[in-house]
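1. next one to model:
(3 chains)
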Amino acid sequence: MSSSTGSVDAVTVARLHQLYGRQSHLIDGGDAAGWAQTFTDDGEFHSPSYPEPVAGTDALIAFAERFHTRARAANEVHRHVMTNVVIDEVRDGAATVRAYLQIVATSIGGDSRLVRMTTLTDRVVPVGDRWRIARRDIRRDDAA
Amino acid sequence: MSSSTGSVDAVTVARLHQLYGRQSHLIDGGDAAGWAQTFTDDGEFHSPSYPEPVAGTDALIAFAERFHTRARAANEVHRHVMTNVVIDEVRDGAATVRAYLQIVATSIGGDSRLVRMTTLTDRVVPVGDRWRIARRDIRRDDAA
Amino acid sequence: MSSSTGSVDAVTVARLHQLYGRQSHLIDGGDAAGWAQTFTDDGEFHSPSYPEPVAGTDALIAFAERFHTRARAANEVHRHVMTNVVIDEVRDGAATVRAYLQIVATSIGGDSRLVRMTTLTDRVVPVGDRWRIARRDIRRDDAA
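-> Numbers count the residues shown, from 1 in each chain, chains lettered A, B, ... in the order given. Take a look at the predicted model:
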């Protein structure tokens, strides 16, 4: 067998697993600027849970701050649980990444619950020595 | 330290994470033929949730089609959430892979719920430049 | 791009994903000694769910045995579902690993439920040709 994973090499798989593992810790932990930096400077976030797309670092930071602030205002901790990360073939330097993303909420002193099941499809591109997300599209399972 | 992971090299870990990440997207997204191709041509699927084992590409395709059709008939989206993928030592060219597999169902316009917690034990073998599953055994936690 | 993932190489990512994937199977399957061996000989486990830290192989074995015994006594199967594993920069030979850890319980003949959502922060060190956990700190989301 060759050393490729389909057409994706082991280093790229490792780097992208690191990116997707880390990204949730950033937004859930309140590091809005760190989360925004996982996107490109003009990165776009499209989700039916929000009235319009979020685009660009400043808007992404504000979005992540609102996410964290609202959870705290509700006396809850929210987590983005990422599974089934798969990197599709890299083409023209960009990769498509798909994953399952569950939102799990826990009330302080109370129970944990699965709030929402979604899937994501990302276009990721290399910027310097890092991969960053140029565009994310979220699909909600309850909206299928 | 050597470059091995136990006795499993980093390329094999990456390739198998890709396989297990991708497999759920195939059956959950309705690509029955694609899902069946993650098994060998005479691959076997053994699960206490179904009356008898499923063996061979044609039967695996029909199984995956039924899974997807039944979810849609129930006005639900079903997801196979894969975690704790671990590759045991490769021996005689075959690897044993174990993982946790949660079935999460979401009704359209409704809530998401954890339907079932299971574990899987797979025998995977190299076929050409890909790893494919020769046999899967599912164990349900509610049947322990 | 260089072959590093941030400052973490692909081999280390693969090895640690194997460690974290495997660890849950050990404690959940009742292999208390195997689970204790994922820690260093003087490894420490700190969790607000238990009255005091657990330190050293013998105490870790006893802890894991109690975990498994209590689940069986409750006629339940408990699983440690690990996601969002991320390896922070390796410094002075030690790595920091963070992950999300859900406890999922299933009663025999009954339903599965998310019992608890936690995060972990581990200090892991190389011992011979393996990585082992020198210290684990658990944070419960309901205690934030």
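2. list the buried residues of whichever strand or helix holds residue A:139.
-> Counting by DSSP states H and E, the secondary-structure element that holds residue A:139 is strand A:130-140. Buried residues in strand A:130-140, counted by 16 or more other CB atoms under 10 Å in any protein chain shown: A:130, A:131, A:132, A:133, A:134, A:135, A:136, A:137, A:138, A:139, A:140. From N, CA and C alone the C-beta is placed, and that goes for glycine too.
3. contacting residues around that strand?
-> Identification of contacts with strand A:130-140 by CB atoms under 8 Å, 6 or more residues apart in numbering or on different chains yields A:12, A:15-16, A:19, A:37-40, A:42-49, A:94-95, A:101, A:116-126, C:1, C:6.
4. check contacts around the residue nearest to residue A:32 when sequence neighbours are not counted.
-> Here the nearest residue to residue A:32 in space, its sequence neighbours aside, is residue A:64; by CB to CB, 6 or more residues apart in numbering or on different chains that works out to 3.6 Å. The contact partners of residue A:64, taken as CB under 8 Å, 6+ apart, are A:26, A:27, A:31, A:32, A:35, A:36.
5. please tell me how far the last one sits from residue A:19.
-> In this case it means residue A:36. 14 Å (CB to CB, to the nearest Å).
6. what's the answer for the third one, then?
-> Residue A:31 sits 14 Å away from residue A:19, taking CB to CB as the criterion.
7. if we can go back for a sec, pick out whichever of residue A:36 and residue A:19 has more residues nearby.
-> Remark: of residue A:36 and residue A:19, residue A:36 carries more neighbours, 24 against 21, as counted by other CB atoms under 10 Å in any protein chain shown.
8. lowest average confidence, helix or strand, in chain A?
-> Every helix and strand in chain A was compared by mean pLDDT, DSSP states H and E; the lowest is strand A:4-5, with a mean of 45.
9. now the lengthiest strand in chain A against strand C:112-127, angle please.
-> Secondary structure of chain A per DSSP state E: the longest strand is strand A:112-127. Counting by axes from the mean of the first three to the mean of the last three CA atoms, to 10 degrees, strand A:112-127 points 50 degrees away from the direction of strand C:112-127.
10. okay, now the unreliable bits of chain A?
-> Within chain A, the stretches with pLDDT under 70 are A:1-7, A:144.
11. enumerate every residue touching residue A:110.
-> In this structure, residue A:110 makes contact with residue C:142, judged by CB under 8 Å, 6+ apart.
12. pretty sure it belongs to a helix, no?
-> No - with the criterion set as DSSP: H, G, I helix; E, B strand; the rest coil, the secondary structure at residue A:110 is coil rather than a helix.
13. give me the angle between the lengthiest helix in chain A and strand A:130-140.
-> For chain A, the helix that runs over the most residues, judged by DSSP state H, is helix A:10-28. Angle of helix A:10-28 versus strand A:130-140, following the same axes, to 10 degrees, is 60 degrees.
14. what about helix A:10-28, near chain C?
-> Yes - using CB under 8 Å from any CB of the partner chain, helix A:10-28 comes into contact with chain C via A:10, A:11, A:13, A:14, A:15, A:17, A:18, A:20, A:21, A:22, A:24, A:25.
15. I'd like those as JSON lines, with neighbour count appended.
-> Supplementary listing: the residues of helix A:10-28 next to chain C in JSON lines, determined by neighbours: other CB atoms under 10 Å in any protein chain shown:
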{"residue": "A:10", "neighbour count": "24"}
{"residue": "A:11", "neighbour count": "21"}
{"residue": "A:13", "neighbour count": "27"}
{"residue": "A:14", "neighbour count": "26"}
{"residue": "A:15", "neighbour count": "26"}
{"residue": "A:17", "neighbour count": "26"}
{"residue": "A:18", "neighbour count": "21"}
{"residue": "A:20", "neighbour count": "26"}
{"residue": "A:21", "neighbour count": "22"}
{"residue": "A:22", "neighbour count": "20"}
{"residue": "A:24", "neighbour count": "22"}
{"residue": "A:25", "neighbour count": "21"}
